[in-house]
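1. Next come a sequence and a model predicted from it.
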Amino acid sequence: MQSRDQQGKGGEVQKTPTVDNTKEVGKNQKVGVDESLKEIGKYRGIAQQNSMEAIKAAQDRYQKAKQTHGTTESPGT
């Protein structure tokens with residue numbers, strides 16, 4: 001088992017094991033990473049949907065403007 005030296009309040013050096021703590025932290029980090037990736041995926045999907053809706057709305061506005069300007073031109077032009 002590995003240990004790490006830490007200086008206590010009285011200046012004495014204490015040995016604390018790091019193997020067990022590392023395993024616990026590692027498991028917690030793994031779970032946190034999985035949850036973070038799921039959350040990122042969720043927000044990415046929402047952003048992609050919003051982008052598609054914005055593009056569709058812009059295309060609709062363009063078509064409407066094109067039709068409006070096409071019908072208001074004078075006959076001699």
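-> Noted; the coordinates are in hand.
2. Return the distance of residue 62 relative to residue 46.
-> In this view, residue 62 and residue 46 are 25 Å apart by Cβ to Cβ, to the nearest Å. Any C-beta I mention is one placed from the backbone N, CA and C, and that applies to glycine too.
3. again with residue 64
-> To residue 46, residue 64 is 27 Å away according to Cβ to Cβ.
4. What segments of this protein are helices?
-> Assigned by DSSP state H, the chain shows helices spanning 19-71.
5. From residue 46, how far out is residue 58?
-> Counting by Cβ to Cβ - residue 58 and residue 46 are separated by 19 Å.
6. Could you do residue 69 as well?
-> Distance check for residue 69 against residue 46: by Cβ to Cβ, it reads 35 Å.
7. Check residue 32 too.
-> Separation of residue 32 from residue 46 (Cβ to Cβ): 21 Å.
8. Could you list the low-pLDDT ranges of the chain?
-> 1-31, 71-77 (pLDDT under 70).
9. 50 instead, please
-> By pLDDT under 50, the weakly predicted segments of the chain are 1-2, 19-22, 77.
10. Counting neighbours, what do you get for residue 67?
-> 10 (other Cβ atoms under 10 Å).
11. no wait, residue 40
-> So residue 40, with other Cβ under 10 Å, has 10 neighbours.
12. With residue 68 instead?
-> 9.
13. next one: residue 35
-> Neighbour number of residue 35 under other Cβ under 10 Å is 10.
14. do residue 57 as well
-> Residue 57 has 10 neighbouring residues, counting by other Cβ under 10 Å.
15. Contacts only, for it.
-> For residue 57, no contacting residues are found, by Cβ atoms under 8 Å, 6 or more residues apart in numbering.
16. how close does it sit to residue 64?
-> Residue 57 is 11 Å from residue 64, where distance means Cβ to Cβ.
17. same question, residue 37
-> For residue 37 relative to residue 64 (Cβ to Cβ), the value is 41 Å.
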